[in-house]
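Enquirer: dropping a prediction and its sequence here:
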Amino acid sequence: MVRLRCRMKQIYGENTDSRFDRPGLKDIIEIKYELEFMNYLYENGLQVPKIIKPRNNEEYLFTIDDNYCVLMEYCHGVKHVNTANTPDRELWQVTSIGQFLDNADINDQVLMKNFEKYLPRGCIHSDMHDDNILFDDESKTLTAVLDFDDMYY
């Protein structure tokens, strides 16, 4: 999904960002589900961007030039120092999965094919990496989890 983020402080206040989704990549039902889930997380105390309703009390999801748009509070934070993508970490990630799959015996392969039916069901963020998790630079506490547009149930 292609997104354009721009500051909207002249209209909606200092700490807002806008998000524009390119038409055709997600339908309106998927986008509303994503936003309702984010709102649910926010209302239950999780550190996610707050969705802002326009001042005219219209629906939080609106269109500009056939693009779905939503306003969210800007989230301050930095990547955690221990999650930096150093070259040695990236190399480890690339080589490790091959070693795992090469060494999986037939029982492991059967288990991997069937284990999902025994897991609990729920929403999955599906894009959890260090660019989508922000921390306070001094206290190293979590300030936000971002980017729910790849989420699915």
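Expert: Arrived safely, thanks for sending. Numbers count the residues shown, from 1 in each chain.
Enquirer: ok, now which ones touch residue 78?
Expert: 134-137 (C-beta atoms under 8 Å, 6 or more residues apart in numbering). Where C-beta positions appear, they are placed from N, C-alpha and C, glycine not excepted.
Enquirer: cool, and residue 144?
Expert: Neighbour list for residue 144: 47-49, 75-77, 133-134 [criterion: C-beta under 8 Å, 6+ apart].
Enquirer: possible to save those as CSV with secondary structure, pLDDT and neighbour count?
Expert: Shown next, in CSV, are the contacts of residue 144 (DSSP: H, G, I helix; E, B strand; the rest coil; pLDDT from 0 to 100; neighbours: other C-beta atoms under 10 Å):
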residue, secondary structure, pLDDT, neighbour count
47, coil, 92, 17
48, coil, 92, 22
49, coil, 90, 23
75, coil, 85, 16
76, coil, 85, 11
77, coil, 85, 16
133, strand, 86, 19
134, strand, 88, 19
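Enquirer: name the nearest of these relative to residue 67.
Expert: Residue 67 has its nearest neighbour among those in residue 49, at 18.4 Å by C-beta to C-beta.
Enquirer: you'd agree that closest one is up against residue 146?
Expert: Yes. If you go by C-beta atoms under 8 Å, residue 49 and residue 146 touch, sitting 6.6 Å apart.
Enquirer: about what we covered before: just the buried ones among the contacts of residue 78, please.
Expert: Neighbour counting over those (16 or more other C-beta atoms under 10 Å) leaves 134-135 as the buried ones.
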